[in-house]
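Visitor: Okay, sequence plus prediction incoming.
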Amino acid sequence: MWSAFWCILQRDLRLGLRRRTEVLTALAFFMIVVSLFPLGIGTERQTLQILGPGVVWVAALLASMLALERLFAADYEDGTLEQLVLTPQPLSLLVLAKVAAHWLLTGLPLVLIAPLVGMQYHLTPTQIVIMMLALGLGTPVLGLIGSIGAALTLGVRGGGILLSLLILPLYIPVLVYGAGAIEVSRIASTDAQPYLLLLAAFLLTALTLAPLAGAAALKIALE
Amino acid sequence: MSAFFAQGGYGFFVWSAYGMAAIVLIAEVMQLRARQRALLARLARLQRLAGTASTDTQGTLGAAPGQRQAK
Amino acid sequence: MALNPFKFAAPAVFYPLANRLIPWFWTLTGILLALGLYWGFFQTPDQLGGNNAQKEYYRIIFVHVPAAWMSMWLYVIMVFWAAVGLVFNTRLSFMMANAVAPTGAIFTFLALWTGAFWGRPSWGTYWDWDPRLTSELVLFFLYLGYLALHAAIDDQRRADRAAALLAIVGLVIVPVIYWSINCPDPTQCASLHQRSNLTRIEGNILFAMLTMTLAFWMYSFATSLMRLRTLILEREAEASWVQELLNPRGGR
């Protein structure tokens, strides 16, 4: 059973690395959004320190959502997805594999580039570490919740903009605690502990429930 | 009477809230009625088109307004 | 004769039933609205509470609280029918969910709007990022998402099932959203909305509020049934019972 998981994961990673521009576009989008805010609201050091956590998370939300559109789209167009649904392996496991590959390609780069963004917003070193932890725990949740929306809007006209309407409200808890963790760690890094624990709890819940819902959504879309 | 409309000086807030409620709820009902009426008219027309060869075209026409009364 | 709940699950049976029920619900709506508004405006004191009392503007309560309640109940009802549809695969349940959603969205909007006009005189602001306000806004987005997804998919069966799944996912996440907005800091929670306690409200005010709530329930039944009636006709236009309904003498 797990061999199917690894098989899909490797396949998606290889395909993703072949189309490197798609992966880099999401990253570039994240950087641009984050860099535009100081130009719009002023470059005062204190303002940026206050706004930083929220801006980083909103940009991460948007970037993850933009990338989601491609999660199932290519496989849907060339018919691979239908074959996947017909395999004897549980579909939720295959969805999990696809989301995992998707996160490694679009979520992990965000986490790794976060220190750069932190410096742009004059965040303290502890805040930057906490931010990386929070993004590392939170972005997989975004991908998992988003996979449900991506499956529901497969092949639907105006899918991208529709996806944002469906999914962004569901991202709110991650946004609140993700940004909160960075915010409170300005004083002491231990303050961020409950936030990070909550994000970890979200991640575990999403890992168990979201692939099931995603699989159901794919079956509905491909019926 | 004017005291009723003034609501102790808070008339603006009270009537803005109630006014919007009235507008939105009435609009919903009107929209629903219009939709049902248009649908019945369209179905009746389709049936008339399908049954132009048959004898009772007048009866088809008559049935639609009768239906739309039954709300 | 035993009552068979599945008998009415057939659109052909339900359509005439809806037609017969709608006038009754409208009558009840009218009576309850008239009673509730009369009681709310003429039989209640001019202010609410003792010290630091709310003045006449508190009368927005008679439309605000019922609308807010309806917005939540209707979402639960919508999810209930969506789940029934997914489990039992009955066409009528999906249509029920679909018929309730717009009315729910309208009550959500009304709760926000009337809340703004109540917040201004009592809190000094039309909008605040208070947990309940924000949750209500999110609920509004969820309704819009449901309606938009259903409208965007052309295949009726897929639209029904996809929107139903979305509604269920929404209901699972709503408590988490509500709670996250309520406690942005997990170590402590705060709220601008005062704790409401129905037993402490003055009797006449409570009576008017509950009457208005019943009126909104009846209104929701009436509009949902009207929408359901239209949906049934739209989807079953080809069915023989619709043809007979339109042309009782069986011209064809």
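Guide: On my side now, so go ahead.
Visitor: any idea which element residue 66 lies in?
Guide: I went with chain A, as the question did not name one. helix A:45-68 (DSSP states H and E).
Visitor: switch to chain C, that's the one I care about
Guide: Here C:P66, judged by DSSP H and E, is contained in helix C:61-88.
Visitor: The helix or strand following that helix near chain B at all?
Guide: Sequence-wise, the next helix or strand downstream of helix C:61-88 (DSSP H and E) is helix C:91-123. Yes: contact of helix C:91-123 with chain B (Cβ under 8 Å from any Cβ of the partner chain) involves C:P102, C:T103, C:I106, C:F109, C:L110, C:W113, C:T114, C:F117, C:W118, C:R120, C:P121. Every C-beta, even on glycine, is put in place using the N, C-alpha and C of the backbone.
Visitor: how about the helix or strand that helix C:91-123 is followed by, does it get close to chain B?
Guide: Counting by DSSP H and E, the element after helix C:91-123 in chain order, helix or strand, is helix C:131-152. No: remark: helix C:131-152 sits outside contact range of chain B, by Cβ under 8 Å from any Cβ, the gap being at least 13.1 Å.
Visitor: hmm, the helix or strand just after helix C:131-152 touching chain B?
Guide: Next in sequence after helix C:131-152, counting helices and strands by DSSP H and E, comes helix C:156-182. No: using Cβ under 8 Å from any Cβ, we find that helix C:156-182 stays clear of chain B, coming within 15.6 Å at best.
Visitor: Packing partners of helix C:156-182?
Guide: Applying 3 or more Cβ pairs under 8 Å, 6 or more residues apart in numbering or on different chains; DSSP states H and E, we find helix C:156-182 packed against helix A:125-152, helix A:172-184, helix A:193-222, helix C:61-88, helix C:91-123, helix C:131-152.
Visitor: Counting neighbours, which bits of it end up buried?
Guide: Buried residues in helix C:156-182, counted by 16 or more other Cβ atoms under 10 Å in any protein chain shown: C:158-171, C:173-174, C:176-178, C:180-182.
Visitor: Quick check: mean pLDDT of it?
Guide: Mean pLDDT, helix C:156-182: 86.
Visitor: angle of the helix or strand containing A:V99 against helix A:125-152?
Guide: A:V99 belongs to helix A:91-102 when assigned by DSSP H and E. Angle, helix A:91-102 to helix A:125-152, by axes from the mean of the first three to the mean of the last three Cα atoms, to 10 degrees: 140 degrees.
Visitor: Check whether the helix or strand containing C:W217 comes near chain B.
Guide: In this structure, C:W217 is located in helix C:203-235 according to DSSP H and E. Yes: interface with chain B: helix C:203-235 contributes C:Y219, C:T223, C:M226, C:R227, C:R229, C:T230, C:L233, C:E234 (Cβ under 8 Å from any Cβ).
Visitor: Serialize the helices and strands packed on helix C:156-182 to JSON lines and add fields for mean pLDDT.
Guide: Listed next are those as JSON lines, based on pLDDT from 0 to 100:
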{"stretch": "helix A:125-152", "mean pLDDT": "92"}
{"stretch": "helix A:172-184", "mean pLDDT": "87"}
{"stretch": "helix A:193-222", "mean pLDDT": "90"}
{"stretch": "helix C:61-88", "mean pLDDT": "91"}
{"stretch": "helix C:91-123", "mean pLDDT": "89"}
{"stretch": "helix C:131-152", "mean pLDDT": "89"}
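Visitor: Relative to A:L112, which of these is closest?
Guide: When the helices and strands packed on helix C:156-182 are compared by Cβ to Cβ, helix A:125-152 sits nearest A:L112, at 8.0 Å.
Visitor: circling back to that earlier point, in the helix holding C:W217, what's buried?
Guide: For helix C:203-235, a neighbour-count test (16+ other Cβ under 10 Å) marks C:205, C:207-235 as buried.
Visitor: now stretch A:112-132
Guide: Those would be A:113-114, A:117-118, A:120-121, A:123, A:126-132, for stretch A:112-132 by 16+ other Cβ under 10 Å.
Visitor: Give me the mean pLDDT for the helix or strand containing B:Y18.
Guide: Here B:Y18, judged by DSSP H and E, is contained in helix B:11-50. Helix B:11-50 carries an average pLDDT of 88.
Visitor: A strand includes A:L154, no?
Guide: No: A:L154 is assigned coil when assessed by DSSP: H, G, I helix; E, B strand; the rest coil, not a strand.
Visitor: so who does it touch?
Guide: A:F72, A:A73, A:Y76, A:L218, A:A221, A:L222 (Cβ atoms under 8 Å, 6 or more residues apart in numbering or on different chains).
Visitor: Reformat these as JSON lines; add neighbour count.
Guide: Listed next are these as JSON lines, based on neighbours: other Cβ atoms under 10 Å in any protein chain shown:
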{"residue": "A:F72", "neighbour count": "26"}
{"residue": "A:A73", "neighbour count": "17"}
{"residue": "A:Y76", "neighbour count": "18"}
{"residue": "A:L218", "neighbour count": "27"}
{"residue": "A:A221", "neighbour count": "24"}
{"residue": "A:L222", "neighbour count": "18"}
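Visitor: Counting neighbours, what do you get for the closest residue to C:G104 other than its chain neighbours?
Guide: Setting aside the residues directly before and after it, C:G104 is nearest to C:L74 in space (Cβ to Cβ, 6 or more residues apart in numbering or on different chains), at 3.4 Å. For C:L74, the neighbour count with other Cβ atoms under 10 Å in any protein chain shown is 25.
Visitor: Likewise for the one 3 residues further on?
Guide: Using other Cβ under 10 Å, C:I77 has 19 neighbouring residues.
Visitor: Was I right to think C:M95 contacts C:E236?
Guide: No: assessed by Cβ atoms under 8 Å, C:M95 is found out of contact with C:E236, at 9.9 Å.
Visitor: More neighbours: which of the two?
Guide: Neighbours were tallied for C:M95 and for C:E236 using other Cβ under 10 Å; the higher tally belongs to C:M95 (25 against 18).
Visitor: got a list of contacts for stretch A:62-74?
Guide: Residues contacting stretch A:62-74 (Cβ under 8 Å, 6+ apart): A:15, A:22, A:26-27, A:29-30, A:33, A:80-81, A:98-99, A:102, A:106-107, A:110, A:139, A:142-143, A:146-147, A:149-151, A:154, A:159-160, A:163-164, A:167-168, A:171, A:218.
Visitor: let's see 7 Å
Guide: Here stretch A:62-74 makes contact (Cβ atoms under 7 Å, 6 or more residues apart in numbering or on different chains) with A:22, A:26, A:29-30, A:33, A:81, A:98, A:102, A:106-107, A:110, A:139, A:142-143, A:146-147, A:149-151, A:154, A:159-160, A:163-164, A:167-168.
Visitor: how long is it end to end?
Guide: Its start and end residues considered, stretch A:62-74 measures 21 Å (Cα to Cα, to the nearest Å).
Visitor: Any buried residues in that stretch, and which?
Guide: Quick answer for stretch A:62-74 (16+ other Cβ under 10 Å): A:L62, A:A63, A:S64, A:M65, A:L66, A:A67, A:L68, A:E69, A:R70, A:L71, A:F72, A:A73.
Visitor: now for these, which pair is the farthest apart?
Guide: Greatest spatial distance among these (Cβ to Cβ): A:L62 and A:F72, at 19.4 Å.
Visitor: Dead centre of chain B: give me the residue that sits there.
Guide: The centroid of chain B falls nearest to B:R33 when counting by Cα atoms, centre = their mean (2.6 Å).
Visitor: Next one: it from chain A, what distance?
Guide: Using Cβ to the nearest Cβ, to the nearest Å, we find B:R33 at a distance of 29 Å from chain A.
Visitor: swap in C:L246?
Guide: Taking Cβ to the nearest Cβ as the criterion, C:L246 is separated from chain A by 32 Å.
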